[in-house]
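K.L.:
Turn this into a model:
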Amino acid sequence: MSGDFTTADDLAAHGRDYVKVGAGDIQRIVTLSTSGSTGNGKRLYFTAGDLRRTIDFFRDGMSQICAPGDKVAILLGSPSPDGLGRLLEEGLREMGAVPSLLCLPRDYRETAEALESLLPDTLVGLPVQMRRLALMTPRLRPKTVLLSGDYVSLAAVDTITRLWQTRVFTHYGLTESGLGFAVQCPLLLGQHIRASELQVEIVDPDTGESLPEGEWGEIVFTTLRREAMPLKRYRTGDISRLLPGVCPCGQPGPRLDRVLGRVTEMRKPVSIYALDELLLRDDALLDYEASFRDGMLTVVTEGGDPASVRALLTETYPGFAVRVSPGVIPPSAQKRMVKTL
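P.N.:
Just a heads-up that it's a prediction; the model follows:
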C-alpha cells in the first residue's frame, strides 16, 4: 500500500498479495493496463460470491430504469462468461426484462440496423457511442438510456435526450469495485452508491486529506464484502463529490454527484472532457480524436466541418496552434483521452 491508500500501481506490483482465498475459489481474473506504471497490468480476482453480488446490484439498479418485459439492448462488454455483459444480462433476466447482448459496436451501421430491428425499450452503452447511434437512428425513441464506462458529458446527454426524446441515466463503476459502484435513481438526483459493498470517501487528490460532503475531490473506496480481493482505501483517480442529505426519492444511503473525470486527464493543457463539452454540441460531428504536443492541438474529426471545428478550437485555446483534419474514428472500448505525444 502507498501510505494509508491502495493504488493501481500497488495492484500491478503486488496484486496477488491482496488475494484472500485459495486458487480453487477464484472464478474470474481480469487483467487491466495501469496508467502511470511501466510494469505489468493489474490483475483483479473474483469469487462466485463476488460475481453474484454484482448481478444483484445490476438487477436492483436496472429495476429503477426499465420494467419487467422491457427489451434491453446491451452495447457493453463481450460475450465471455462472467464478463460485464453477461453479468448485466443475468441481472436483467432476474428482474424480468428481456436483454439482448449486442456487445461493443464494431461497425456503427450494423449496430444501428440491429437496434432498428430490435426496437429496444432501454439501451446501455458508452456515452459517445450512444450519442453517435442517436444521431444515426433519431426515430428509435427508447424509453430510457443508461450511460456507463467512460466520462459522461452533458453535451452527449443533451443530444441523446433531444433526439430520442428519452430519459438518460448514468452509472459509475470500475472493475476494481466489482463493476457496479453507483447508479442514478428515477429522479436523476445523484448516483446511489452500492453502500452494502462499498464505503466511499472523497479526498484531496494532492494531499490525501479527507474532505466533507459537498466538496469535490478524488473518489476513494473500501470494499466491505469482497471475498477474493478486498481493497482498503483504493484511490480511483476520479473526481466527484458526495451529495449531502437524503435523496428525495426516499432511498437512504450516500450519493455521488456526476463524475468530472480522471485527475490525470483534467490536468492536461487540453482535456477530453472540455473538448467533449465543446465539440459534441454539433450534431454534424459524429466523433473525434485529439492529441497534444509542444503547444500543438491536433484533432481528427469524423463528420462536421473541419474548418468550423478549427475556428472554435482556436477561439477557445488561443495560446495553442490548432490543426484539424477529417478521418474515420472506429469504435473502441478504451477510455477516451487526449493523447500526449
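
K.L.:
CA atoms for contacts and neighbours, from now on please.
P.N.:
OK.

K.L.:
Any idea how far the lengthiest helix in the chain is from the middle of the chain?
P.N.:
Scanning the chain for the longest helix, with DSSP state H as the assignment, gives helix 48-62. Taking the mean C-alpha point of helix 48-62 and that of its whole chain, the gap between them comes to 17 Å (Cα atoms, centre = their mean, to the nearest Å).

K.L.:
Go through the helix or strand just after that helix and flag the buried ones.
P.N.:
Downstream of helix 48-62, the first helix or strand assigned by DSSP states H and E is strand 71-75. Using 16 or more other Cα atoms under 10 Å as the burial criterion, the residues of strand 71-75 that qualify are 71, 72, 73, 74, 75.

K.L.:
mind giving me a markdown table with the residues you listed and columns for distance to residue 279 and pLDDT?
P.N.:
Formatted as a markdown table, the entries for the buried residues of strand 71-75 read as follows, by distance: Cα to Cα, whole Å; pLDDT from 0 to 100:
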| residue | distance to residue 279 | pLDDT |
| --- | --- | --- |
| 71 | 32 | 98 |
| 72 | 29 | 98 |
| 73 | 27 | 98 |
| 74 | 26 | 98 |
| 75 | 23 | 97 |
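
K.L.:
Determine which two of the residues you listed are furthest apart.
P.N.:
By the measure Cα to Cα, 71 and 75 form the most distant pair in the buried residues of strand 71-75, at 13.0 Å.

K.L.:
Going along the chain, name the helices of this structure.
P.N.:
8-14, 48-62, 84-94, 108-118, 127-136, 154-164, 263-266, 272-279, 306-316.

K.L.:
pLDDT value on the most centrally placed residue in the chain, please?
P.N.:
In the chain, the residue lying closest to the centroid (Cα atoms, centre = their mean) is residue 149, at 2.3 Å. According to the model's per-residue confidence, residue 149 sits at a pLDDT of 93.

K.L.:
ok so, going back, tilt between the longest helix of the chain and helix 84-94?
P.N.:
Between the axis of helix 48-62 and that of helix 84-94 there is an angle of 60 degrees, by axes from the mean of the first three to the mean of the last three Cα atoms, to 10 degrees.

K.L.:
just checking, what packs against helix 48-62?
P.N.:
When contacts are defined as 3 or more Cα pairs under 8 Å, 6 or more residues apart in numbering; DSSP states H and E, helix 48-62 sits against helix 84-94.

K.L.:
and the angle from the helix it packs on to strand 71-75?
P.N.:
Relative orientation of helix 84-94 versus strand 71-75 (the same axes, to 10 degrees): 170 degrees.

K.L.:
what's in contact with helix 84-94?
P.N.:
Identification of contacts with helix 84-94 by Cα atoms under 8 Å, 6 or more residues apart in numbering yields 51, 54-60, 62, 74, 76-80, 98-101, 103, 179.

K.L.:
just stretch 178-194 next, same as before
P.N.:
Residues lying outside stretch 178-194 but in contact with it, judged by Cα under 8 Å, 6+ apart, are 50-51, 54, 57-58, 61, 64-65, 84, 169-174, 198, 243, 247-249, 253-258.

K.L.:
ok, back up a step: for the helices of the chain, which one sits closest to residue 340?
P.N.:
helix 263-266 (10.0 Å).

K.L.:
I'd like the buried residues of strand 71-75 laid out as JSON lines, including distance to residue 292.
P.N.:
Formatted as JSON lines, these follow (distance: Cα to Cα, whole Å):
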{"residue": "71", "distance to residue 292": "42"}
{"residue": "72", "distance to residue 292": "38"}
{"residue": "73", "distance to residue 292": "36"}
{"residue": "74", "distance to residue 292": "33"}
{"residue": "75", "distance to residue 292": "30"}
